[in-house]
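1. Below are the sequence and a predicted model; questions follow.
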Amino acid sequence: MSYNNSDQPEIYEMILNPHGSEGSSVSSVKKQEEFEQSDWHAHHDEGQLAVDVAQTKKEVYVISTLAGALADKLEIYVHNDLLTIRGIRRTPLSVATGVHYFHKECYWGKFSRTIVLPVEVKGDLARAEYSNGVLVIRAPKQVSQRKIPITIIED
């Protein structure tokens, strides 16, 4: 790999020309502009909501961490084998002015997640508990052991 002199960062200049006519130094701290444009500052439009789905013989459990979610803004919908969780996370810094993030991984704002459950559940009997930032949803499984009659038609 070859480098054009004009493309080389300062550190390469120091390595390739250690005895330059003038002393050279490289800052160990990134410039503010470089810091703000780094890859780990990628912007996402909606929050990611991780869930665990488990089951027993009689129930399906959905567990999610919702740190910072407002309990009165949480909405949970269950229909057959679909479960939707919606809500809002508010940053504690929302009231502060002039805040500049150096690193931001937490998502603040509206979030929504719909998942397909492994089996149909009785949505009207589902229950949810939200405590210490953890949401636990329990829904009884829909029992569908209905025997289907077969009509035999002879020609």
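-> Structure received.

2. so what are the domain limits for this structure?
-> Annotated domains of the chain cover 5-41, 51-140 [automatic domain parsing].

3. which of these is buried the deepest?
-> Neighbour counts (mean count of other C-beta atoms under 10 Å) averaged over each of the domains of the chain peak at domain 51-140, with a mean of 14. C-beta: built from backbone N, CA, C; applies to glycine.

4. how long is it from one end to the other?
-> 18 Å (C-alpha to C-alpha, to the nearest Å).

5. Also stretch 103-119?
-> 40 Å.

6. which residues touch that stretch?
-> 40-41, 44, 46-49, 51, 53, 55, 60, 62, 64, 68-69, 81-91, 94, 139, 141-142 (C-beta atoms under 8 Å, 6 or more residues apart in numbering).

7. Test my guess that Glu129 contacts Leu135.
-> Yes: counting by C-beta atoms under 8 Å, Leu135 is a contact partner of Glu129 at 7.4 Å.

8. What's the first helix or strand after the lowest-mean-pLDDT helix or strand in the chain?
-> In the chain, the helix or strand scored least confidently by mean pLDDT, DSSP states H and E is helix 32-36, which has a mean of 50. Using DSSP states H and E, the helix or strand that follows helix 32-36 in sequence is strand 51-55.

9. Hey, what's the angle from the following helix or strand past that following strand to strand 51-55? Just curious.
-> From strand 51-55 onward toward the C-terminus, using DSSP H and E, the following helix or strand is strand 59-65. Per axes from the mean of the first three to the mean of the last three C-alpha atoms, to 10 degrees, the angle that strand 59-65 makes with strand 51-55 is 160 degrees.
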